[in-house]
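[1] what follows is a predicted protein model with its sequence.
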Amino acid sequence: MTPLFKISELDAKILRELLKEGRMGYDELAKQCSTSINKIWKRHKALEKKGIIKGATTQVNFAHLGYAALATMLINVDAQQIEQIMNVIGEIREIRAYRQYNSLYNIRAVTTLQNLNELDRVKQVIRQRLPIVNLKTYLWTSVKNIPENLNLNGNFRKNNTVVQNISKLVASEPNDKNKIDSIDKQLIQKLTQNGRMSFSQISKEMKLATNTVVRRYNNLRKNGTMKVSIQVDPKKLGYCAILDFNVAFDSNSATSPSIVESFTKIPDLIIITKTSGDYDLQLTTMIRDIDQMFRVQDEISKISSVTKFEVSARKIPEKWPTPLQYISTM
């Protein structure tokens, strides 16, 4: 798919910086891009006007918010009933579902769990309410979420700094000092809806002092509880689909940091999730065409410790990242 708008190197740099830190100001952006604040302001406004920048939202650490785990459920249902079933799943609390293509399991659902026993309850609800053929579940153990890995203007391999400058922020373990309360959760919700909302507007809506909002935001950011990322329209950048790869490795390589690092070097691979079960990693990548799909599959298969993988496709969303994705924890 050809991008609707040509992305210059400066535009790509602005987008990558804001995908890493969505509340970055024009002054800091200008510094990172080695240009003037006025030029950054004009380019940012142009990207918004063209609909390439569609807003901003949050990534969060669900463990800090009191959740014990997240799980992926792969569901196989009768294809003729899939639309009706998707509607039913949409009514189940705390489940986000996607229709999959080119896979035996035609629905992928992600659920947040207050405790591990809740997974059995969720599976029971699904089996009672849906005429499923088969169901697989994978618990998430850690995540690397790198939307800035998008190959925005085709210069990924020519410019190694795209890989080298991937955000190093990882989430810390919660403790009593960093305990999240209802005010913090309300602030996260505000920023999930509009990640670049001004602190003064947030303080007005929450009826708090502005410096209190700023202090709480900085604490949440510093502690790895949340981060803000801009949202882009993938279709206007030339993307046509999302591919999800479930990958298994030999027993000696499954948890190796070098394995994860090797996948960050694949253009447009944006989420790496360590999981339990039949597969060790879930890899999420955006693609522009069939040729890229084959290139990504070849890149994955070149990793010597990969023993098997399966791939499925899903429709691309209007905005990426979607709200409340899991922040990087590795």
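    Sure, I can see it.
[2] counting contacts, what elements does whatever helix or strand Leu18 lives in pack onto?
    Assigned by DSSP states H and E, Leu18 falls within helix 9-20. Under the contact criterion of 3 or more CB pairs under 8 Å, 6 or more residues apart in numbering; DSSP states H and E, helix 9-20 touches helix 26-33, helix 37-49, strand 53-60, strand 226-232. To be clear about C-beta, it is placed using only N, CA and C from the backbone, and glycine gets the same treatment.
[3] deepest of these, which one?
    strand 226-232 (a mean of 24; mean count of other CB atoms under 10 Å).
[4] for the closest residue in space to Tyr67 that isn't next to it in sequence, the count of nearby residues, please.
    Once flanking residues are discounted, Tyr67 sits nearest to Thr112: 4.9 Å by CB to CB, 6 or more residues apart in numbering. For Thr112, the count of nearby residues is 21 (other CB atoms under 10 Å).
[5] may I see the helices and strands packed on helix 9-20 arranged in TSV, with distance to Gln100 as well?
    Output for the helices and strands packed on helix 9-20, formatted as TSV (distance: least, CB to CB, whole Å):
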stretch	distance to Gln100
helix 26-33	37
helix 37-49	31
strand 53-60	23
strand 226-232	22
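[6] output these as a markdown table; include the columns mean pLDDT and distance to Asp120.
    Shown next, in a markdown table, are the helices and strands packed on helix 9-20 (pLDDT from 0 to 100; distance: least, CB to CB, whole Å):
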| stretch | mean pLDDT | distance to Asp120 |
| --- | --- | --- |
| helix 26-33 | 97 | 47 |
| helix 37-49 | 97 | 45 |
| strand 53-60 | 98 | 25 |
| strand 226-232 | 98 | 29 |
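[7] sheet partners, orientation included, of the helix or strand containing Leu283?
    For Leu283, the host element (DSSP H and E) is strand 281-287. Applying DSSP bridges, strand 281-287 is found paired with strand 241-249 (antiparallel), strand 269-275 (antiparallel).
[8] give me the mean pLDDT for the shortest one.
    Model confidence over strand 269-275 averages 96 on the pLDDT scale.
[9] give me the low-pLDDT residue ranges for the stretch 1-150 of the chain?
    Scanning the stretch 1-150 of the chain for pLDDT under 70 picks out 1-5.
[10] Gln59 against Thr322, yeah?
    No. With contact defined as CB atoms under 8 Å, Gln59 does not count as touching Thr322 (10.0 Å).
[11] need the residues touching each of the two.
    Here Gln59 and Thr322 have no joint contacts, going by CB atoms under 8 Å, 6 or more residues apart in numbering.
[12] now do the contacts for Leu130.
    Contacts for Leu130 (CB under 8 Å, 6+ apart) come out as 75, 77, 85, 88-89.
[13] excluding covalently adjacent residues, which one is nearest to the residue of the chain positioned farthest from its centre?
    Most distant from the centre of the chain: Ala209, at 31.4 Å, with distances by CA atoms, centre = their mean. Using CB to CB, 6+ apart and skipping residues adjacent in sequence, the residue nearest Ala209 is Ser203, 6.3 Å away.
[14] hmm, who's touching stretch 213-220?
    Counting by CB under 8 Å, 6+ apart, residues outside stretch 213-220 touching it are 178, 180, 183-184, 187-188, 191, 199, 202-203, 206, 226.
[15] change it to 6 Å
    184, 187, 199, 202-203, 226 (CB atoms under 6 Å, 6 or more residues apart in numbering).
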